[in-house]
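[1] Here is the input, now give the coordinates:
(one chain, ligands or ions: 1)
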Amino acid sequence: MAGFATFLTMVYIVVVNPNIMAAAGIDQGASFVATCLAAAIGSALMGLLANYPIALAPGMGLNAYFAFAVVGGMHIPWQVALGAVFLSGLIFLAVSVLRIREWLINTIPLSLKLGIAAGIGFFLGIIGLQGMGLVVANPATMVGLGHVAEPKVLLSCLGFLLIAGLVARNVPGGIIIGILVTALLGIPFGLTTFHGVVSLPPSLAPTFLQLDIPGAIGLGVAGIVFTFFIVDLLDNAGTLIGTTHRAGLMRPDGSVPRLGRALLADSGGAIIGSVLGTSTTTSYIESAAGIQAGGRTGLTALTVAVLFLLTLFLAPLATSIPGYATAPALVFVACLMAKSLRDLDWEDLTDYAPAIITALSMPLTFSIASGIGIGFITYAVTKVLAGKAGQVSGAVWLIALLSAVKFGMGAG
Ligand SMILES: Nc1nc2[nH]cnc2c(=O)[nH]1
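    Numbers count the residues shown, from 1 in each chain. You can find the predicted model right below:
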């Protein structure tokens, strides 16, 4: 039952992820299969290796970074981008096995972690608002209001409100219900083409083993590999801490038991996902739904894995859903992720200002990597200027310096 609750809250990804991957030129049917399999294998790994009620799937945020910033913005072939996801997973695996994981996780200040989480939310937000047609390009002001009277835009707005209303009422599967209803309402307007509900799974061949690892080893992609790695590590660590705390599975001193095993499942999920053909697979914060319903062990994650395998047979339905119907879900997830700003220390300017700069920079530079770089530089310099240089850890200096060098070389 707990596994079903978690599955319902995260199954929207089998509709949303292929839509986002399609923006990178990846075959939608293969991407659907890769998403279901990555979620099933990742969740099974978590259940079996770490015995946690935490489910995995391709993460929102890094999928948008993959498709819109790396492939769309930097014109890197999606095969090379998959290679970068693979390499970031390998680095993550090494870090999970070695003891530096705690150092890396603990040395990055909480305020920057919160700023990154919110910034990824805002990044999803601008992509979602564009997908809804609510925000459009404007040569004078960069962005402006779209044609709100168009049926597509109105239906998208309705979709968002429906999702918000359903989730506010704790309706299980509120996001996927909102997406499906929005798509259904588009049929009379010719906005949705219905392909059916059940069929055998499409072929995985267009994406399976298509990753280009040698292409990703080139220096030009190092910043992208680092971004995939650091976001994945911080996201998984944050999700693990949040969910185990909620489940009452933390040690009394606040540390997470079996942290190494859980991160092993996370890194394994990312590596396997890239081989299958999807952007980074990560622990889902939606696992909190199953924990709320009583899930405490890996059995919950294994249940989710089986349900994602069954979902493989719903390809026609999943690929019938157009982008305008999934865009509201992006904006909704953006709202959820922005909540992390609540935990900032709003009394300390040297803490909250760099976090806000991090968060703002991500949508406005259209890059998670640039947001991290600008945020870390701002943090280090602000602390020094405020006479608090002692609070800047070695890892922060390192990332700030690498980012400054990268920006100095004119790289985005
Ligand atoms: N923690 C986490 N939860 C998610 N839920 C949907 N996408 C994500 C993600 O990228 N990270």
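
[2] CA atoms for contacts and neighbours, from now on please.
    Noted.

[3] for the lowest-mean-pLDDT helix or strand in the chain, the distance to its chain's centre please.
    Least confident helix or strand, the chain: helix 100-107 with a mean of 78, by mean pLDDT, DSSP states H and E. Relative to the chain's own centre, helix 100-107 is displaced by 21 Å; criterion: C-alpha atoms, centre = their mean, to the nearest Å.

[4] Check which helices and strands whichever helix or strand comes after that helix sits against.
    Toward the C-terminus, helix 100-107 is succeeded by helix 110-132 as the next helix or strand (DSSP states H and E). On a contact count with 3 or more C-alpha pairs under 8 Å, 6 or more residues apart in numbering; DSSP states H and E, helix 110-132 meets strand 135-138, helix 151-168, helix 323-338, helix 349-365, helix 368-385.

[5] Need the CA coordinates for the helix or strand that the last one is followed by. CSV is fine.
    What that stands for is helix 368-385. Next in sequence after helix 368-385, counting helices and strands by DSSP H and E, comes helix 394-408. Extracted as CSV, the C-alpha positions of helix 394-408 are listed here (Å, rounded to 0.1, in the frame of the first residue of the first chain):
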residue,chain,number,x,y,z
GLY,A,394,38.2,24.5,1.2
ALA,A,395,35.5,22.8,-1.1
VAL,A,396,33.7,26.2,-1.5
TRP,A,397,36.9,27.9,-2.4
LEU,A,398,37.8,25.2,-4.9
ILE,A,399,34.4,25.3,-6.6
ALA,A,400,34.4,29.2,-6.6
LEU,A,401,37.9,29.3,-8.1
LEU,A,402,37.2,26.7,-10.8
SER,A,403,34.0,28.5,-11.7
ALA,A,404,35.8,31.9,-11.8
VAL,A,405,38.4,30.4,-14.2
LYS,A,406,35.7,28.9,-16.3
PHE,A,407,33.8,32.2,-16.5
GLY,A,408,37.1,34.0,-17.2
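
[6] quick one, helix 394-408 and helix 100-107 angle?
    80 degrees (axes from the mean of the first three to the mean of the last three C-alpha atoms, to 10 degrees).

[7] tell me the domain boundaries of this protein?
    Following the TED database, the chain resolves into domains at 1-123+192-322, 343-406.

[8] mind checking which of the helices and strands packed on helix 110-132 is nearest Leu98?
    helix 368-385 (24.3 Å; C-alpha to C-alpha).

[9] Okay, buried residues for that closest one please.
    368-383 (16 or more other C-alpha atoms under 10 Å).

[10] which helices and strands does that helix pack with?
    helix 110-132, helix 222-247, helix 349-365, helix 394-408.

[11] just to revisit the earlier point, not counting the least confident helix or strand of the chain itself, show me its contacts.
    Defining contact as C-alpha atoms under 8 Å, 6 or more residues apart in numbering, one finds that helix 100-107 is touched by 95, 233-234, 237, 393-396.

[12] So among the residues you listed, which ones count as buried?
    Members of the contacts of helix 100-107 classed as buried by 16+ other C-alpha under 10 Å are 95, 233-234, 237, 395-396.

[13] Distance to the ligand for the residues you listed - can I get that in a markdown table?
    Converted to a markdown table, the buried ones among the contacts of helix 100-107 look like this (distance: C-alpha to the nearest ligand atom, whole Å):
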| residue | distance to the ligand |
| --- | --- |
| Val95 | 19 |
| Leu233 | 10 |
| Leu234 | 9 |
| Ala237 | 9 |
| Ala395 | 23 |
| Val396 | 22 |
